[in-house]
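>>> sharing a sequence plus its predicted fold:
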Amino acid sequence: MTSPLLELPGAVPPPDGSPDEGVAWHHGDPLGEQRAADRDVAVVDRSHRGVLAVPGEDRLTWLHTITSQHLLTLGEGEHTEALVLDLRGHVEHHAVVSHVLDTVWLDTESGRAQGLLAYLNSMVFWSKVTPRDATPELAVLSLLGPGAGEVLSRAGELGGFVRVEAGRTDLLVPRDELTNAWRRLVDAGAVPAGSWAYEAIRAAALRPRLGIDTDERTIPHEVGWIGPAVHLDKGCYRGQETVARVSNLGRPPRRMVLLHLESPDTLPVTGDPVTAGERVVGRVGTVATHYELGAIALALLKRSVDPTTPLQAAQAAAAVDPNSIPPDTGEPPGRAALRRLRS
């Protein structure tokens, strides 16, 4: 789906093969757009994301049983994240979840909505829910920066609904009003920004993206989704056994870290290997040029890799940002309990 906002003056489309095909890559000054998003306010077109709607009186109890998130008490106007896992606990789907107007709205990665909808429909059985593709109905815009609230106030009512998340404010606006909503936000003071700016800021904040920072073996613990998208104190759902076992008895085999890349001229691409000498120790996820940090990448590394080890991300020399290492939470609770029983 190609956004009508790509036709506006200054909008530059992404390079071939981009996961953000259909929306602007930048609007002429990608580093300046990041600066505005960090210090003031920028608006990003994310209308290529898929949107699903789940109305019906069983919407919360049903979604609670088939996803990783505790949804029974999700109130009107509240938002969260959720995953769908396979039987072995690997991540298949990620969605941002909003409960608005007696409907649960799920927005997910471009190209992933139909797969998620197929799974939801396969699990309906006798439940009173009617999942549908709502991508033609709603489009996602995101405001980044400390000035988002002021811009929203000046722009006025835009239709749809607003979702305030950590580090951003999402607007799900009527798709046929997308261009009008964009213009009103820009007129209210938001700087137009593209996916380059959004991805650089997301990577620097260590926020994973499905299909970019994950592969077919990723479990939620590896990318920081325990908590934001996985609730550890809820009933059974597909893949929960792995989640519980790793949380209580072990540690994930890999962890997502931020890499600083030596040269912007030899950037790796998503999926490239990360090596230590001759040994493959991880994979590259998001790659971006940040306005302050320079060339960076998210990567899934084996937990056994010493963070001080010199690395290569494809042809680029790389170093782990020590501040990106997940904190050591100590001995897993289940293992500690077993040790006490044996002592």
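Thanks, I have it.

>>> output the contacting helices and strands for the helix or strand in which Gln34 is found.
Assigned by DSSP states H and E, Gln34 belongs to helix 30-39. Secondary-structure packing of helix 30-39 (3 or more Cβ pairs under 8 Å, 6 or more residues apart in numbering; DSSP states H and E): strand 42-45, strand 191-193, helix 195-204, strand 279-290. Backbone N, C-alpha and C define where each C-beta goes, glycine included.

>>> which parts of the stretch 101-250 of the chain are helices?
113-122, 148-155, 178-187, 195-204, 240-249 (DSSP state H, counting those that start in this stretch).

>>> which of these sits most buried?
For the helices of the stretch 101-250 of the chain, average neighbour numbers computed from mean count of other Cβ atoms under 10 Å are highest in helix 195-204, which has a mean of 24.

>>> contacts for that one, please.
14, 18, 20, 23-26, 30, 33-34, 37-38, 42, 44, 46, 142, 144, 167, 209, 258, 286, 288-291, 293, 296-298 (Cβ atoms under 8 Å, 6 or more residues apart in numbering).

>>> so what's the residue count around Pro307?
14 (other Cβ atoms under 10 Å).

>>> with Pro9 instead?
Neighbours of Pro9 under the rule other Cβ under 10 Å: 7.

>>> over to it: give its phi and psi.
phi -60, psi 130 (degrees, to the nearest 10).

>>> the helix holding Gln34 vs helix 195-204, what angle?
50 degrees (axes from the mean of the first three to the mean of the last three Cα atoms, to 10 degrees).

>>> buried ones in helix 30-39?
Residues of helix 30-39 classed as buried under the neighbour-count rule (16 or more other Cβ atoms under 10 Å) are 30, 32-38.

>>> any stretches of the chain with poor pLDDT?
Applying pLDDT under 70 to the chain picks out residues 264, 329-343.

>>> find the nearest non-adjacent residue to the spatially most central residue of it, please.
Nearest to the mean C-alpha position of the chain, counting by Cα atoms, centre = their mean, stands Arg209 at 4.0 Å. Distance criterion Cβ to Cβ, 6 or more residues apart in numbering; nearest residue to Arg209, sequence neighbours excluded, is Thr286 at 6.2 Å.

>>> gap between that neighbour and Leu300?
Distance from Thr286 to Leu300, counting by Cβ to Cβ, to the nearest Å: 11 Å.

>>> mutual contacts of the two, please.
Residues touching both Thr286 and Leu300 (Cβ under 8 Å, 6+ apart): Asp213.
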